[in-house]
Every structure is written in structure tokens, then in C-alpha cells.
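[1] predicted coordinates and the sequence they were generated for:
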Amino acid sequence: MTIDLKGKTALVTGASGQLGRVMAHTLAACRADVAVHYVHNKTMADDVAEKIIGMGRRAISVQADITQEASVNQMRDIVTEKLGYVDIVVNNAVVQYQWTSILEQDLTDFASQFESCTMQSVLTAKAFLPAMTQKKAGRFIGINTECSGLCNANSGAYAAAKRGMDGLYRVLAKEVGPSGITVNQVSPGWTISDRDRENGTEISHAYSEKIPLGRRGTDQEIANVVLFLASELSSYVTGVNIPVCGGAVMV
């Protein structure tokens, strides 16, 4: 059994980042065309797109502020013009910030997390789901986090935003399910990326000893679950949040 996404167009937000680029490459490896979204890192986004083109697929890099409606809609128009209607949306981008306790966290950090996690999904849903509804098919996938289940100290802004995102996706799954669109989430744990491989920081005994599987997961393992949700293999799966964190969170 193989996964074949030929004829499908995917948008991956934050695709210039550590996890995003692996998800983009994985979808392309299964013959999807890919819109590689970035906010600031055009050089990396262009590199990801060029590698996908080298795999024999169509790809573009596209810039957008995923917290602004006009910017998201402009991205939709560019992607539609260059690659056609989007069949698969992967909401992966998130604003980075310095974690601290709720009492010490600046209020702007709570706002930035809500805007980049929850509102990003609202804006991309409004931009891309109408076309999916007309086609009676589509995949809408959000990258959540194990942190929304663990609720560890100092993760307040991030956990709150991702929990809001979780509720949004569950409601959205019920609203667009009759149109043949699935809406799901993937919740990674602390994931090994190329940055870890380059710096030799793949192993963390303090973290891994708390994980039932006894190790950190890899970016490719996260991308594999996204690929499953993007494919026909998941045609009867919607409204779920799949923890991919070695058992740190169980649902």
C-alpha cells in the first residue's frame, strides 16, 4: 500500500521552519504540489520549494502574515493562481516568544499566541475551506502540541492558545464534515530536528525518562502522521487530535 497525493495541492504554513520543511518534503515525496509559506525566512522557503521542484513536483514559496486576514487572503490568491485550488492545508506556523510564569508573562505574548495558533486557523479556514466545500473534499490539519495536554508551568500563553485551537478544530470538523472535508490535529512532543542533529542535542535523558517509549520523536515521525491525515487512508477520521509524543499525553 502506498500513499499517492498526485493531483493534490498542499499549503504548509511555517514551511521554512524546522518541522515545516520536513512536512512539505514528505507531502511532495508522495507527489503533492506544495505551497511553501514563510513569514521572514525567504531564503529557506525558496530552498524548500526548489528541492520540491527537483523532486518533480510543482512548488512555490509564498510570504504571508498568518495573523492578518488581508495577508492570508492574498496568499490564497497567489497560491490559487500559481498552483490551483488547495486540497490540503497544514497550519504549522506559530509566533515564538520567551516562556515564563503566567503572572510574569507579558499580555502581548498571550495575544500573539492566540493570534498565531487559534486565529491563524480561523483565517485559513475562511480563506481555503469555501473552495474545498464546493469540491466536496479537502483536508484541514493543525499542528497542536503535547503542551496543551501537559499544561506544564511557564507554558501558559502557549497552552491556552493551543487549547483554544483544539476547541476550534472540533467545532469546525462538525461544521464542514457534511461537505466531505476532514479536520484534524497532530500534537508533537519535543521533537528532534535538523538543529538538534547539527548541534548533537538529540538526547535528553531528563525528558526521555518521562516518556513511555523512552525517547524523543523525530520530525519525520511527525510528518508521517500529517501525511496519513492528508491522504485517503484517513478518509473516515475527523475531529481528532493525535498525540505524537511517545505516550507523554494519552487521549
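    Nice, thanks for sending it over. Predicted, not measured: the structure shown is a model, and the values here were computed from it. Numbering: from 1, shown residues only.

[2] gap between the nearest residue to residue 170 once chain neighbours are set aside and residue 181?
    Closest residue to residue 170 apart from its sequence neighbours, by Cβ to Cβ, 6 or more residues apart in numbering: residue 239 at 5.4 Å. Where you see a C-beta, it was placed from the backbone N, CA and C, and this is true even at glycine. Applying Cβ to Cβ, to the nearest Å, the value for residue 239 to residue 181 is 11 Å.

[3] now residue 153
    Distance of residue 153 to residue 181, computed by Cβ to Cβ: 37 Å.

[4] remind me which residues of the chain are low pLDDT?
    Within the chain, no stretch has pLDDT under 70.

[5] so which residue is smack in the middle of it?
    Nearest to the geometric centre of the chain sits residue 92, at 2.7 Å (Cα atoms, centre = their mean).

[6] wait, that one touches residue 16, no?
    No. Assessed by Cβ atoms under 8 Å, residue 92 is found out of contact with residue 16, at 10.3 Å.

[7] contacts for the longest helix seen in the chain, please.
    Using DSSP state H, we find that the single longest helix of the chain is helix 156-176. Contacts to helix 156-176, defined as Cβ atoms under 8 Å, 6 or more residues apart in numbering, come from residues 97, 99, 101-102, 105, 109-110, 112-114, 116-118, 121-122, 125, 129, 132-133, 138, 140, 142, 144-145, 147-148, 150-152, 182-185, 238-239, 241.

[8] tell me which of residue 153 and residue 181 has more neighbours.
    Remark: of residue 153 and residue 181, residue 181 carries more neighbours, 24 against 10, as counted by other Cβ atoms under 10 Å.

[9] so the more buried one sits against residue 134, correct?
    No. Between residue 181 and residue 134 there is no contact under Cβ under 8 Å: 10.8 Å.

[10] residues contacting the residue lying farthest from the centre of the chain?
    The C-alpha centroid of the chain is most remote from residue 103, which lies 29.1 Å away (Cα atoms, centre = their mean). Listed by Cβ under 8 Å, 6+ apart, the contact set of residue 103 is empty.

[11] and what of residue 151?
    residue 159.

[12] just residue 180 next, same as before
    Residue 180 sits next to 136, 137, 138 when contact means Cβ under 8 Å, 6+ apart.

[13] okay, now the first one: neighbour count?
    Neighbouring residues of residue 136 were enumerated by other Cβ under 10 Å; the total is 10.

[14] can you tell me the closest non-neighbouring residue to it?
    residue 180 (4.3 Å).

[15] for that neighbour, give its distance to residue 229.
    For residue 180, the distance to residue 229 - Cβ to Cβ - is 15 Å.

[16] same question for residue 44.
    The spacing between residue 44 and residue 229, counted by Cβ to Cβ, is 24 Å.

[17] what's the answer for residue 175, then?
    The value you get for residue 175 to residue 229, if Cβ to Cβ is used, is 18 Å.

[18] these two - which one has more neighbours?
    residue 229 (23 against 13).

[19] could you dump the helix or strand encompassing the more buried one to CSV, C-alpha only?
    Using DSSP states H and E, residue 229 maps to helix 219-230. Taking C-alpha atoms only, helix 219-230 is exported to CSV below (Å, rounded to 0.1, in the frame of the first residue of the first chain):
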residue,chain,number,x,y,z
ASP,A,219,10.5,15.4,12.7
GLN,A,220,9.9,12.7,10.2
GLU,A,221,7.7,10.8,12.6
ILE,A,222,5.5,13.9,13.0
ALA,A,223,5.4,14.4,9.2
ASN,A,224,4.3,10.8,8.7
VAL,A,225,1.2,11.3,10.8
VAL,A,226,0.4,14.5,8.9
LEU,A,227,0.8,12.6,5.7
PHE,A,228,-1.7,10.0,6.9
LEU,A,229,-4.2,12.7,7.7
ALA,A,230,-3.7,14.3,4.3
